[in-house]
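K.L.:
just the structure for this:
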Amino acid sequence: MSSSPRPGLERKIGPLQATAINMTQMCGIGPFVTIPAMVVTLGGPQAMFGWLIGAVIALADGLIWAELGAALPGAGGTYVYLREAFGFRTGRLMPFLFAWSAVLFIPLIMSTGIIGLVQYLGYLIPGVADDGGTTTLGKVIGLGIIALIVLALFRKIGEIGKLTTVLFGIMLFAALSVIVAAFTHFDGAQAFAFTPGAFSFGGGAFWAGLGAGLIIAIYDYLGYNTSAYLGGEVRDPGRTLPRSIILSILGIMSLYFLLQLGVLGSIPLEELKNATSVASTVLEQAWGTGAAKVITVFIVIAAIGSVFAGLLGGSRVPFEAARDKVFLPVFARLHPKLNLPTAGVLTMGAIAAVGSLFTLTAVINAAVTVLVIVQSLAQVAAIVVLRRRRPELERPYRQWLYPIPTIIALLGWVYIYFSATLLSIGLSVGWIVLGVAAFLAYAKAERVWPFGPKGIQETFAGAAEGAGK
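P.N.:
A predicted model of the protein is given here:
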């Protein structure tokens, strides 16, 4: 059977646009607001190694996405992979749980971008943010920005791809500007003044804070999979998806490391730990207030681009699930003229709006723990299951050095999950329990497994070469 998508979605996203979408979603406001938290968590300048370890985990996981995305290039990404891997054992349970959870964790991650960009607006507009976080005015502005982003998503995918490429250029300009500004007054001795005993086993600040630091680092790297969510709209996905995923991780890793190193060498440690708009501080020190304000505007626009790209990809998850009759039918409907999943866009926008009213740290922990348990760990299992059960499946890209990257990803995700707060872990487990209960109610009503046949669906049963040409 051909792996071409069912009628509706159009394959308009090319390699450059796919990579731009990933990198735009990855480097929004994240590093600009989390660098101080990373330094505090890891106890000093040794925080730079937290970004590198996080990049190793992200790259290992990205290689899982690359193989699965190239072999199963459908809308919704993980939803498709879990459906194809686990349907023969548990019917629709795994894809249902992913769709159930993705509708929560994807917009929550996007809401952190709104929280962060409002902090930077505080540098430009008095009264928007203070030392305690976002003010009421800031929250109102954040809600307004989300509404504008949702409106901007109501356009054809070809236009969205071009817009995202422009936003990618703005993001790159903003990040490189901060890096250049930081290195114009860089103090190497300050940047590499590691805390004495920081790396000693059993009591070093680095190892004590590594788990919490990796939650921050992984949060900042998230987004390298956005093109896979749009797998049903990517041209030549067997080549485009692996390249866009791997290139975006390597590119953003380089940017993040240079950014962290530059900031460490340009702002005294104690001042850095308490900074709320660290990039603006670096820019002001180097080029003055005027230049700092101008480039801060670009940082805010980059953050908006990140949220835009994230909601774009995320909205395709409930769409694909609903087309399989695993989610509410309203999510399967496409806009009659724009060919976009209207309900998915509106729902995720609404949840992102609610999430923007909470604190940054609380939202990051909640979103990452839910993501790990229903997406990251499930995909580790999926690549192993599909390799064993579906050896005939056409794989335009096969994971390098398999299974080593898969094992690295597994160990990294387990470590990150158990490094989260007990509240976040409890909430993630509770959400899954609610999801299982919701699935059982659905399964009983639809008379599918475990109350009827499994309804195994293997859309990608043959070669993948037909997709996207």
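
K.L.:
need the helix or strand of the protein with the lowest average pLDDT.
P.N.:
Within the chain, no helix or strand scores below strand 133-134, which has a mean of 73 by mean pLDDT, DSSP states H and E.

K.L.:
mean confidence score for the helix or strand following it?
P.N.:
Downstream of strand 133-134, the next assigned helix or strand under DSSP states H and E is helix 136-152. Averaging pLDDT along helix 136-152 yields 94.

K.L.:
only the buried residues of helix 136-152, if you could.
P.N.:
137-139, 141-142, 145-146, 149-150 (16 or more other CB atoms under 10 Å). In this view, the C-beta of every residue, glycine as well, is placed from N, C-alpha and C.

K.L.:
before we move on, what about stretch 261-270?
P.N.:
261-267.

K.L.:
repeat for stretch 43-61
P.N.:
For stretch 43-61, the neighbour count (16+ other CB under 10 Å) marks 43-51, 53-55, 57-61 as buried.

K.L.:
wait, what's in contact with Gly28?
P.N.:
By CB atoms under 8 Å, 6 or more residues apart in numbering, Gly28 lies in contact with 113, 116-117, 171, 223, 302-307, 310.

K.L.:
does it belong to a helix, a strand or coil?
P.N.:
Of the three states, Gly28 takes coil under DSSP: H, G, I helix; E, B strand; the rest coil.

K.L.:
and it, what pLDDT?
P.N.:
79.

K.L.:
can you tell me the closest non-neighbouring residue to it?
P.N.:
Spatial nearest neighbour of Gly28, chain neighbours left out: Ser306 (2.2 Å); criterion: CB to CB, 6 or more residues apart in numbering.

K.L.:
what do you get for Leu283?
P.N.:
Of all residues not flanking Leu283 in the chain, Ala292 sits nearest, at 3.8 Å (CB to CB, 6+ apart).

K.L.:
after the strand or helix carrying the one you found, which helix or strand is next?
P.N.:
Per DSSP H and E: Ala292 is located in helix 289-314. As assigned by DSSP H and E, the chain's next helix or strand after helix 289-314 is helix 316-323.

K.L.:
pLDDT weak spots in the stretch 51-200 of the chain?
P.N.:
Within the stretch 51-200 of the chain, the stretches with pLDDT under 70 are 131-133.

K.L.:
tell me how far the spatially closest residue to Thr276 that is not a sequence neighbour lies from Leu143.
P.N.:
Using CB to CB, 6+ apart and skipping the chain neighbours, the partner closest in space to Thr276 is Gln119 (5.6 Å). According to CB to CB, to the nearest Å, Gln119 and Leu143 sit 15 Å apart.

K.L.:
could you pull up the residues touching the residue lying closest to Leu340 once chain neighbours are set aside?
P.N.:
Nearest-residue entry for Leu340: Leu334, 6.5 Å, with adjacent residues in sequence omitted and distances by CB to CB, 6+ apart. Residues in contact with Leu334 (CB under 8 Å, 6+ apart) are 8-9, 319, 340-342.

K.L.:
in the residues you listed, which residue is surrounded by the most others?
P.N.:
Pro341 (29 neighbours; other CB atoms under 10 Å).

K.L.:
you'd agree the residue nearest to Gly28 is up against Ile21?
P.N.:
No - using CB atoms under 8 Å, Ser306 is not in contact with Ile21, being 10.3 Å away.

K.L.:
re the thing from before, what's the helix or strand for the residue nearest to Thr276?
P.N.:
With elements taken from DSSP H and E, the one containing Gln119 is helix 93-124.

K.L.:
and the angle from that helix to helix 136-152?
P.N.:
Angle, helix 93-124 to helix 136-152, by axes from the mean of the first three to the mean of the last three CA atoms, to 10 degrees: 130 degrees.

K.L.:
so what strands line up beside the next helix or strand after helix 93-124?
P.N.:
Of the helices and strands lying after helix 93-124 in sequence (DSSP H and E), the nearest is strand 129-130. Neighbouring strands of strand 129-130 in its sheet, by DSSP bridges, are strand 133-134 (antiparallel).

K.L.:
pretty sure Trp449 contacts Thr90?
P.N.:
Yes - contact between Trp449 and Thr90 holds when scored by CB under 8 Å: they sit 6.9 Å apart.

K.L.:
count the residues that sit near the residue nearest to Ser280 when sequence neighbours are not counted.
P.N.:
Distances taken as CB to CB, 6+ apart put Tyr123 closest to Ser280, at 4.5 Å, once the chain neighbours are dropped. By the criterion of other CB under 10 Å, Tyr123 has 23 neighbours.

K.L.:
likewise for Ser244?
P.N.:
Neighbours around Ser244, by other CB under 10 Å: 33.

K.L.:
so what's it up against?
P.N.:
Applying CB under 8 Å, 6+ apart to Ser244 gives the contacts 15, 18-19, 21-22, 227.

K.L.:
returning to what we had before: of all the contacts of Leu334, which comes closest to Gly76?
P.N.:
Phe319 (6.9 Å; CB to CB).

K.L.:
what sits closest to the closest one if chain neighbours are left out?
P.N.:
Once flanking residues are discounted, Phe319 sits nearest to Pro341: 3.6 Å by CB to CB, 6+ apart.

K.L.:
for the one you found, give its distance to Gly74.
P.N.:
To Gly74, Pro341 is 13 Å away according to CB to CB.

K.L.:
what does Ala279 give?
P.N.:
Using CB to CB, one obtains 38 Å as the distance from Ala279 to Gly74.

K.L.:
for Ile246, same thing?
P.N.:
Distance, Ile246 to Gly74, by CB to CB: 20 Å.

K.L.:
again with Val429
P.N.:
Taken as CB to CB, the span from Val429 to Gly74 is 29 Å.

K.L.:
who has more neighbours, the two?
P.N.:
Gly74 (28 against 13).

K.L.:
nearest residue to the more buried one other than its sequence neighbours?
P.N.:
Val80 (4.0 Å).

K.L.:
give me the number of neighbouring residues for the one you found.
P.N.:
Val80 has 31 neighbouring residues, counting by other CB under 10 Å.

K.L.:
ok, now Leu117?
P.N.:
Neighbours around Leu117, by other CB under 10 Å: 27.

K.L.:
wait, isn't Leu104 in contact with Ala352?
P.N.:
No - with contacts defined as CB under 8 Å, Leu104 does not count as touching Ala352, sitting 10.6 Å away.

K.L.:
contacts for the host helix or strand of Trp431, please.
P.N.:
Per DSSP H and E, Trp431 falls inside helix 422-446. Helix 422-446 is touched from outside by 91-93, 96-97, 100-101, 104, 325-326, 365-366, 368-370, 372-374, 417-418, 449-452, with contacts defined as CB under 8 Å, 6+ apart.

K.L.:
and for stretch 347-355?
P.N.:
Outside stretch 347-355, the residues that reach it (CB under 8 Å, 6+ apart) are 103-104, 106-108, 110-112, 114, 142-143, 146-147, 149-150, 153, 307, 311, 314-315, 318, 331, 363.

K.L.:
ok, of the residues you listed, which come out buried?
P.N.:
Among the contacts of stretch 347-355, those classed as buried by 16+ other CB under 10 Å are 103-104, 106-108, 110-112, 114, 142, 146, 149-150, 153, 307, 311, 314-315, 318, 331, 363.

K.L.:
and for the residue nearest to Leu283, the neighbour number?
P.N.:
24.
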